[in-house]
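> what shape does this take:
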Amino acid sequence: MNIAPLNRSLDQELAALLRGASLECLVCGEFVLHVRGTLACPECRSILAESEERIAQIALPSAVQAG
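Numbers count the residues shown, from 1 in each chain. Have a look, this model is predicted:
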């Protein structure tokens, strides 16, 4: 009986996050928010965006305000 590895690569994790299959921040594990076409984590403040222009336009709420 062969056991398949459960570890996924960073590329697979990013692809799952971008297509909406995963809602977990890759840095801290908290839920991400969809903000103006980007994915952002209010806990660790990491942002996944297509360009730096989009990042400059985002004002993330703090984790205290979100909770």
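> name the SS class of residue 16, please.
Using DSSP: H, G, I helix; E, B strand; the rest coil, the secondary structure recorded for residue 16 is helix.
> who's in contact with it?
8, 22 (C-beta atoms under 8 Å, 6 or more residues apart in numbering). Every C-beta, even on glycine, is put in place using the N, C-alpha and C of the backbone.
> from residue 1, how far out is it?
27 Å (C-beta to C-beta, to the nearest Å).
> now residue 13
Applying C-beta to C-beta to residue 13 and residue 1 gives a distance of 27 Å.
> so these two - more neighbours on which side?
residue 13 (14 against 2; other C-beta atoms under 10 Å).
> would you mind confirming that the more buried one is in contact with residue 25?
No: with contact defined as C-beta atoms under 8 Å, residue 13 does not reach residue 25; the gap is 10.4 Å.
> show me where this protein dips below the pLDDT cut-off.
Along the chain, segments meeting pLDDT under 70 span 3, 5-6, 51, 53-67.
> without its sequence neighbours, what residue ends up closest to the residue sitting nearest the centre point of the chain?
Nearest to the mean C-alpha position of the chain, by C-alpha atoms, centre = their mean, lies residue 25 at 4.1 Å. The shortest distance from residue 25 to any non-neighbouring residue, by C-beta to C-beta, 6 or more residues apart in numbering, is to residue 41 (4.0 Å).
> same check, this time on residue 47
Looking at residue 47 with C-beta to C-beta, 6+ apart, the closest residue is residue 40, at 4.7 Å.
> next one: that neighbour from residue 2, what distance?
39 Å.
> neighbour count: the two, which is higher?
residue 40 (21 against 3).
> is the more buried one in contact with residue 48, as I believe?
Yes: taking C-beta under 8 Å as the definition, residue 40 is a contact partner of residue 48 at 7.5 Å.
> what do the two both touch?
In contact with both residue 40 and residue 48: residue 32, using C-beta under 8 Å, 6+ apart.
> good, we can wrap up now.
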